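# okay, here's the prediction I keep looking at, along with the sequence it came from:
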Amino acid sequence: MKKWLTLLRQRPSLQAWLLLLPSAFWLFVFFIAPLFIVLVYSFLERGTYGGVVWHFTLENYRRVFDPLYFKTFWRSFYIAAVTTFFTLLLGYPLAYYIATRPPKRRGTLVLALMIPFWTNFLVRTYAWLTLLRTHTGLINVTLMSLGWIHKPLPLFGNDTAIVIGLVYGWLPDMILPIYATLERLDRSLLEAAMDLYASGPNVFRRVIWPLSLPGVVAGSMLVFIPSLGAFVTPAILGGGKALMIGNIISNQFLAAHDWPFGSALSFVMMAVMLIATLIYFRATSGEERRQL
Amino acid sequence: MSDANLARALSRRSRMAKLKKRLSEGLFSGYGFLGYLFLYLPIIILVIFSFNDSRSTAQWAGFTTRWYVAMAKDHQIILSLWNSLFVAVVSTVISVIIGTLAALAMERYRFWGKLMMDAVLYLPIIIPDIAMAIMLLIFFDLSGVGFEPWKVHFFGVHLAVPYSVIIGHVAFNISFVAVVVRARLAQMDMVLEEAAQDLYADPWRTFWRVTFPMLLPGIVGGALLAFTLSMDDFVITFFTSGAGFNTLPVRVFSMIKKGVTPKINAVSTLMLLFSLVLVAISLILSRGGSEEGPSTPTL
């Protein structure tokens, strides 16, 4: 026992691994191992009642690129990109607004942002369901009773509804990192630009925007990745008609009993996320260099 | 141009500039107001219609609390609420202990395999929950661990322990706890710890009397985050729970699928109150922490 303790004292890396033992065990057994199992499953054939037949095949990956599924993939990508664009468009000015208030107001405004941020995502999606539904949603009912429209607006069961739900759900995730970079921004740089007679738009384009890019990149990733893998929002606001890749994946496990295909779909989804992230990082860091 | 004219022209220009600035400032404030309105209005409408004396969630028909009564009488909802709390408490306790140990190792040591552990710790945060859900589903099925909750009889208390759900929640919560605690550790000054060592405190004593009290706000922050994430999770719970086991979000999802009623608004309002309480707790804790600074530990 004593020998062990002295050995432990002499070897810090042994101490580190002792501290890491529980987390490493948990994550390797219940996260990394399952990840590899899914990878292996994606190369197997489906069993009749769920499960798999241990026989190697590339068929699942070929099917991902079937027009039927590829179209859903492309639409999911498109929805996630549009969602990211709109959260940035709405979120950036709001983050800027918060960052330019006096410190005390700023604290209140950030707190006011935390409440929707901490509210259950399912609850927030449900809130939009009661607003957007075609015949019984608040928006259409109100507009019709006011006589402004005579036919309900197509707000539900389509991509518009999904984008609205996703933008609403992930907006705080875009605002918070942008706000964090804007708040840290050195005021003297803005004054220097003004002293050099830079116009308002130029100060923004040449100074503020490049300096806030790390927040923009972080926010975009926080919005894009979960939007591409969205399951709850299309399940509720898509009305069973408009589906995203997350719903197709879950269907393979809950209804179609095609686990290998579901596994292949998830791996392609994760690959798309990885590639999109890398391209986005590359593009924004390039822009940063050019602007400076 | 005479000096007087120049001065007048200049003052007019500065007045114009001031006016322009005030106008843009006003527009900006208006935008800020609209932004917050967008964030809050759907939630407020949701709460309002939980008191609606009709099955509709779009036309107001008078005030009632009957949907809350219906919610309180619904055994399924009450049971799923207890399930949610049980899963959240257990997974928070486990992940806070494991995650804090991991944060200490990652922030205070250099060792072989650190880069790999960094990646392993960050992956559960960035991977979409649907992917993690099916990973766990396949794992529990293939390994024969299964999904059926353990029935525990403990001093006359009958508990159904949904271990598959708890395992999944801990798997994603470890990473979030580790990130929050690491951030706190990175801010902390090592001087006090070194001082303790100089005064011949052994490492064990140094940790409990110096490091731990200073780390506590980070640990509590991590615990609050883990608890919230666990209470909120739908996707991973949905895919890893055995037949008939519901947490509150899973119950709400199946209620939504059956049809919209103000009863769901009532349950949602209850969940909203939970979030508000958690925000309040975290606010009180962070206020206390920032005003007093790190509490000075006594050796």
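That came through, no problem.
# what about residue 200, neighbour count?
Assuming you mean chain A. 12 (other Cβ atoms under 10 Å in any protein chain shown). Glycine gets a C-beta too; all of them are placed from N, C-alpha and C.
# correction: the question concerned chain B.
B:Tyr200 has 7 neighbours, counted by other Cβ under 10 Å.
# for chain A, which residue gets nearest to chain B?
Of all residues in chain A, A:Gly229 sits closest to chain B, at 2.7 Å by Cβ to the nearest Cβ.
# quick check: that residue touching A:Ile248?
No - if you go by Cβ atoms under 8 Å, A:Gly229 and A:Ile248 don't touch, sitting 11.4 Å apart.
# neighbour count: those two, which is higher?
Between A:Gly229 and A:Ile248, A:Gly229 has the larger neighbour count (other Cβ under 10 Å), namely 25 against 21.
# tell me the pLDDT of the residue lying closest to the more buried one once chain neighbours are set aside.
Spatial nearest neighbour of A:Gly229, excluding adjacent residues (Cβ to Cβ, 6 or more residues apart in numbering or on different chains): B:Pro128 at 2.7 Å. Model confidence at B:Pro128, given as pLDDT, is 91.
# could you pull out the strands for the stretch 151-299 of chain B?
B:157-161 (DSSP state E, counting those that start in this stretch).
# buried ones in stretch B:25-35?
Buried residues in stretch B:25-35, counted by 16 or more other Cβ atoms under 10 Å in any protein chain shown: B:Gly32, B:Gly35.
# mind listing residues that contact that stretch?
Residues outside stretch B:25-35 that contact it (Cβ atoms under 8 Å, 6 or more residues apart in numbering or on different chains) are A:Leu90, A:Pro93, A:Leu94, A:Tyr97, A:Ile98, A:Thr100, A:Leu109.
# stretch A:52-62 now?
With Cβ under 8 Å, 6+ apart, stretch A:52-62 has contacts from A:41-47, A:259-261, A:263-264, A:268.
# which among those residues gets closest to A:Arg187?
Ranked by distance to A:Arg187 (Cβ to Cβ), the contacts of stretch A:52-62 are led by A:Val268 at 46.3 Å.
# residue contacts, the nearest residue to that closest one once chain neighbours are set aside?
Spatial nearest neighbour of A:Val268, excluding adjacent residues (Cβ to Cβ, 6+ apart): A:Val64 at 5.0 Å. The contact partners of A:Val64, by Cβ under 8 Å, 6+ apart, come to A:Phe70, A:Phe73, A:Phe261, A:Ala264, A:Leu265, A:Val268.
# go through the residues you listed and flag which are in helices.
Counting by DSSP state H, the part of those found in helices is A:Phe70, A:Phe73, A:Phe261, A:Ala264, A:Leu265, A:Val268.
# pLDDT added to these, as JSON lines?
Output for these, formatted as JSON lines (pLDDT from 0 to 100):
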{"residue": "A:Phe70", "pLDDT": "91"}
{"residue": "A:Phe73", "pLDDT": "91"}
{"residue": "A:Phe261", "pLDDT": "94"}
{"residue": "A:Ala264", "pLDDT": "95"}
{"residue": "A:Leu265", "pLDDT": "95"}
{"residue": "A:Val268", "pLDDT": "93"}
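# point me to the residue of chain B nearest chain A.
Closest point on chain B to chain A, by Cβ to the nearest Cβ, is B:Pro128, at 2.7 Å.
# list the contacts of that residue.
B:Pro128 neighbours (Cβ under 8 Å, 6+ apart): A:Ile225, A:Pro226, A:Leu228, A:Gly229, A:Gly246, A:Met269, A:Met270, A:Met273.
# okay, now the unreliable bits of the stretch 151-292 of chain A?
Within the stretch 151-292 of chain A, the segments meeting pLDDT under 70 span A:286-292.
# please redo it, this time with the cut-off set to 50
Low-confidence segments of the stretch 151-292 of chain A, defined by pLDDT under 50: A:292.
# show me which residues of it are close to chain B?
The interface of the stretch 151-292 of chain A toward chain B, taken as Cβ under 8 Å from any Cβ of the partner chain, is made up of A:168, A:171-172, A:221, A:225-226, A:228-229, A:231-232, A:235-236, A:246, A:249-250, A:253, A:259, A:262-263, A:266, A:269-270, A:273.
# rerun at 6 Å
A:Gly229, A:Phe231, A:Gly246, A:Ile249, A:Phe253, A:Ser266 (Cβ under 6 Å from any Cβ of the partner chain).
# chain center to the lengthiest helix in chain B, what's the gap?
Secondary structure of chain B per DSSP H: the longest helix is helix B:3-49. In terms of Cα atoms, centre = their mean, to the nearest Å, the centre of helix B:3-49 is found 34 Å from the chain centre.
# what angle do the helix or strand just after it and helix B:3-49 make?
The helix or strand immediately downstream of helix B:3-49 is helix B:66-73, counting by DSSP states H and E. Interaxial angle, helix B:66-73 versus helix B:3-49 (axes from the mean of the first three to the mean of the last three Cα atoms, to 10 degrees): 50 degrees.
# give me the helices and strands touching helix B:66-73, please.
helix B:262-292 (3 or more Cβ pairs under 6 Å, 6 or more residues apart in numbering or on different chains; DSSP states H and E).
# now the helix it packs on: buried residues?
B:262-272, B:274-275, B:278-279, B:282, B:289.
# check which helices and strands that helix sits against.
helix A:103-118, helix A:121-132, helix B:3-49, helix B:66-73, helix B:212-232.
# any chance of those helices in TSV, plus mean pLDDT and distance to A:Pro214?
Formatted as TSV, the helices and strands packed on helix B:262-292 follow (pLDDT from 0 to 100; distance: least, Cβ to Cβ, whole Å):
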stretch	mean pLDDT	distance to A:Pro214
helix A:103-118	88	18
helix A:121-132	94	26
helix B:3-49	86	22
helix B:66-73	94	45
helix B:212-232	92	22
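# so which of the ones you listed is the most surrounded?
Mean neighbours per residue, mean count of other Cβ atoms under 10 Å in any protein chain shown, is largest over the helices and strands packed on helix B:262-292 for helix A:121-132, with a mean of 24.
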